[in-house]
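In: give me a 3D structure for the following:
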Amino acid sequence: MQVFDTESLPAPLRVMVVLMQRLWFAWCCLATLLIGLVALACYVFIFNFLSGTKASNAAYFVTKWWGKALLTTMLVRVTSEGLEKINPEAGAYILVSNHLSVVDIPICMSTAPVAFSFLAKKEVDKVPIIGYLARNMHVYVDRKSKESRKQTLERMKAHIDAGHSIHVYAEGTRNKTNELLQNFYDGAFKLAIETQQPIVALTICDSDKVSTPKKPFLGAPAWVHCIWDAPISTKGMTIENDLEHLKAIVRERILQNLERYHATYHI
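Out: Numbers count the residues shown, from 1 in each chain. Next up, the predicted model:
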């Protein structure tokens, strides 16, 4: 992926740009903490005093507000296309996307047309605020443990059976390569087939211009675009016959969207 290259700038200008990027990153960290505390207070109330549909609706509202508030303070503009293809009343979906940046999380939170739980890495549990929310709202996985992966699949099935969508970054981690897209893990596609729920591909474009693992502690405001594809039915599919084909279809959709976006905007 292409990121802003400061190496070609004259030395004084390069220093100034890097300083501004670091200040922006520090501001985003502070904003994340402050907004997170407000969201945390709301979630604590929801988790302890609401239940059922009221709790789900309230948590969804707070989640969208949290994502939008974070992006606003970061001066990140997000546009979306294809949302009309997804019916929020149709039940649970398996949401699958590429992963470029830490800001993909508030991007998904603010744009998703349905309430969902993230598939989160076990390490998230150690992060203040985020860990508490992940324990109450999302699903953990320890990718180093085969037994943990099995248990995670069962917990995700339980979420789906309760009518809650699941969001999975199919690449497993942020893309640090120069390729548009990494290989996909099987988990999301196994889940979709085993629960017979439709899978929705989300393509996130240019979030690495906000922040990228290639240049930690640096970042800048940017325009990010999201492309939502129509749900893919998994009715009648089996792991043995359809897993690889389904994974290939979703990956190809996301890859084509990325190629089209980059070609259109000459990125």
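
In: so where's this protein uncertain?
Out: Along the chain, the model assigns pLDDT under 70 to residues 1-9, 121-125, 128-130, 134-136, 140-149, 266-267.

In: quick one, longest helix in it?
Out: Counting residues, the longest helix found in the chain (DSSP state H) is helix 11-49.

In: buried ones in that one?
Out: Using 16 or more other C-beta atoms under 10 Å as the burial criterion, the residues of helix 11-49 that qualify are 21, 24-25, 28, 32, 35-36, 39-40, 42-43, 46-47. Backbone N, C-alpha and C define where each C-beta goes, glycine included.

In: so can I have CSV of the residues you listed showing distance to residue 92?
Out: Shown next, in CSV, are these (distance: C-beta to C-beta, whole Å):
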residue, distance to residue 92
21, 39
24, 37
25, 36
28, 32
32, 29
35, 28
36, 27
39, 23
40, 26
42, 24
43, 21
46, 20
47, 21
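
In: ok, so of the residues you listed, who is nearest residue 228?
Out: Comparing the buried residues of helix 11-49 against residue 228 with C-beta to C-beta picks out residue 39 as the nearest, at 24.2 Å.

In: can you show me the helices along the protein?
Out: Using DSSP H, helices in the chain cover 11-49, 52-73, 104-111, 130-137, 146-161, 187-195, 239-264.

In: returning to what we had before: who does the longest helix of the chain touch, helix- and strand-wise?
Out: helix 52-73, helix 130-137 (3 or more C-beta pairs under 8 Å, 6 or more residues apart in numbering; DSSP states H and E).

In: can I get these in a markdown table with distance to residue 185 and mean neighbour count?
Out: Formatted as a markdown table, those follow (distance: least, C-beta to C-beta, whole Å; neighbours: other C-beta atoms under 10 Å):
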| stretch | distance to residue 185 | mean neighbour count |
| --- | --- | --- |
| helix 52-73 | 24 | 17 |
| helix 130-137 | 19 | 17 |
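
In: okay if I get those helices as CSV plus distance to residue 173?
Out: Written out in CSV, the entries for the helices and strands packed on helix 11-49 read as follows (distance: least, C-beta to C-beta, whole Å):
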stretch, distance to residue 173
helix 52-73, 20
helix 130-137, 16
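
In: nearest to residue 180, of those helices?
Out: Using C-beta to C-beta as the criterion, the shortest distance between residue 180 and the helices and strands packed on helix 11-49 is 23.0 Å, found for helix 52-73.

In: neighbouring contacts of the closest one?
Out: 27-28, 31-32, 35-36, 39, 42-43, 46-47, 50, 77-78, 103, 105-112, 115, 137, 164 (C-beta atoms under 8 Å, 6 or more residues apart in numbering).
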